[in-house]
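Asker: Pasting the sequence and the predicted coordinates here, then a few questions.
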Amino acid sequence: MGRTIRLLTISGSLRAESSNTSALVALELVAPSGVHVTHYRDLGELPHFNPDLDAEGMTPAASVAALRAAFAAADAVVICSPEYAHGVPGSLKNALDWMVSDLDLPGKPIALLNLSPRSIHAQDSLRETLTTMSTRVIPAASLTLPLSGRRLSAEEIAANSTLAAILRESLAELVAAVATQAELPSFPVNKLSGN
């Protein structure tokens, strides 16, 4: 029997009743045995990113350390985010900024779930940011779940055969990417500089 695949999910929305969060909970509901899903829920607790607070030898804030530990423990990551004013929500971009210097991130397989076919700007921006951070955004796992204008609970999403099939397809592609991870040569790390 193979080892358990550990997925970390991150919703880019801070709303209590978020469709993005519901989609990620539904992802857990349809996940096959052998796939363990952990939801990161503390996006709003992170301090504003400041390189001065992340200098060598400094101890990061507890919330930052917890974020990095969550990424380190995951074999792959699924991000589902709304689009605000043609961009990525600031809270999500802030979390990614805290991950820039983290050595566990390069090569990490990532799937981007989108809930609206019209919301392409945030997805493109996320893909650019994550690629620059040397992650592996998996195109075949990055799918659109057509929930635009539909207020469905996680249970309703999971019970909908069309929506559940999309989530299962994304999971299958992401798990396949994790399975091939060990066969890849060492992943090149993009050198990022901050001012």
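Answerer: Done, it's in.

Asker: ok, the closest residue to Arg150 other than its chain neighbours - contacts?
Answerer: Of all residues beyond its chain neighbours, the one nearest Arg150 is Ser19 (7.7 Å), with distances taken as C-beta to C-beta, 6 or more residues apart in numbering. Yep, even glycine has a C-beta here, placed from its N, CA and C like the rest. Neighbouring residues of Ser19 by C-beta atoms under 8 Å, 6 or more residues apart in numbering: Ser13, Pro82, Leu115, Leu147, Arg150, Arg151, Leu152.

Asker: And the spatially most central residue of the chain, what's its pLDDT?
Answerer: Nearest to the geometric centre of the chain sits Ile79, at 2.8 Å (C-alpha atoms, centre = their mean). Predicted confidence (pLDDT) at Ile79: the value is 98.

Asker: tell me the secondary structure for it?
Answerer: Under DSSP: H, G, I helix; E, B strand; the rest coil, the three-state class of Ile79 is strand.

Asker: Kindly state the beta-bridge partners for it.
Answerer: Ile79 has these beta-bridge partners by DSSP bridges: Ile10, Leu112.

Asker: Okay, it and Leu92: tell me how far apart.
Answerer: Computed as C-beta to C-beta, to the nearest Å, the Ile79 to Leu92 distance reads 7 Å.

Asker: where do the contact lists of these two overlap?
Answerer: Joint contacts of Ile79 and Leu92 (C-beta under 8 Å, 6+ apart) are Ile10, Gly12, Leu126.

Asker: residues contacting the last one?
Answerer: Residues in contact with Leu126, defined by C-beta under 8 Å, 6+ apart, are Ile79, Ser81, Val88, Leu92, Leu112.

Asker: From what I see, the fourth one and Ile10 are in contact.
Answerer: Just to be clear, that refers to Leu92. Yes: here Leu92 reaches Ile10: they are 7.2 Å apart, a contact under C-beta atoms under 8 Å.

Asker: what's the span of stretch 149-162, first residue to last?
Answerer: 16 Å (C-alpha to C-alpha, to the nearest Å).
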